[in-house]
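> Sequence plus predicted model, see below.
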Amino acid sequence: MSKKTSGEPNFFENVYEVCMLIPKGRVTSYGAIARYLGTGMSARMVGWAMNATPNKKVPAHRVVNSQGLLTGKHHFKPPSAMESRLRKEGVKVVKDKIVDFEKKFWDPSKELL
DNA sequence: GGCGTGACTTGAA
DNA sequence: ATTCAAGCCACGC
């Protein structure tokens, strides 16, 4: 009827699940998740999904952009929480950027395969 | 039901 | 190296 957007936020659920499946000390990019979900390159939706995410269950701080930059830190309650948490997980962050991002990169479409 | 925005990505100038 | 532009899908008004 009328309009129904997506009906079920399966997309969001998928994002949450993937985020929670991210191994500790690892990070992933919005595009990687978007690709894994089959959304193509609509990485924006992944970010938007995070915005709608109960950041208590989903470690959105483990999700960064393809550059390894903590672009979403501005959206956290204390923006520094993202950086602090990543460091606690074993990920080094310098100037909002993840060190050895390529090494810590966790691709769901490959690791989860 | 249309317009703008957004935690992105990629390519080209 | 940098900056600009376009593409993408969903949500808010």
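Yep, that arrived.
> where along chain A do the strands fall?
In chain A, the segments counted as strands under DSSP state E are A:28-29, A:63-64, A:93-94, A:97-98.
> which of those strands is buried the deepest?
Among the strands of chain A, strand A:63-64 has the highest mean neighbour count (mean count of other C-beta atoms under 10 Å), at a mean of 28. Every C-beta, even on glycine, is put in place using the N, C-alpha and C of the backbone.
> Check the offset of the helix ranked longest in chain A from the chain's centre.
Counting by DSSP state H, the longest helix found in chain A is helix A:10-21. Its chain's C-alpha centre and that of helix A:10-21 lie 9 Å apart, by C-alpha atoms, centre = their mean, to the nearest Å.
> And for stretch A:12-27?
On the basis of C-alpha atoms, centre = their mean, stretch A:12-27 sits 7 Å off its chain's mean C-alpha point.
> how about the residues of chain A near DNA strand B?
A:2-3, A:29-32, A:34, A:41, A:43-48, A:50-51, A:53, A:55, A:60, A:63, A:65-67, A:71-72, A:74-76 (C-beta under 7 Å from any atom of the strand).
> Let's see that with 6 Å instead.
Residues of chain A lying near DNA strand B by C-beta under 6 Å from any atom of the strand: A:29-31, A:41, A:43-45, A:47-48, A:50-51, A:53, A:55, A:60, A:63, A:65-66, A:71-72, A:75.
> Quick check on these: which are buried?
A:29-31, A:43, A:45, A:47, A:50, A:53, A:60, A:63, A:71-72 (16 or more other C-beta atoms under 10 Å).
> With that, I have no additional questions.
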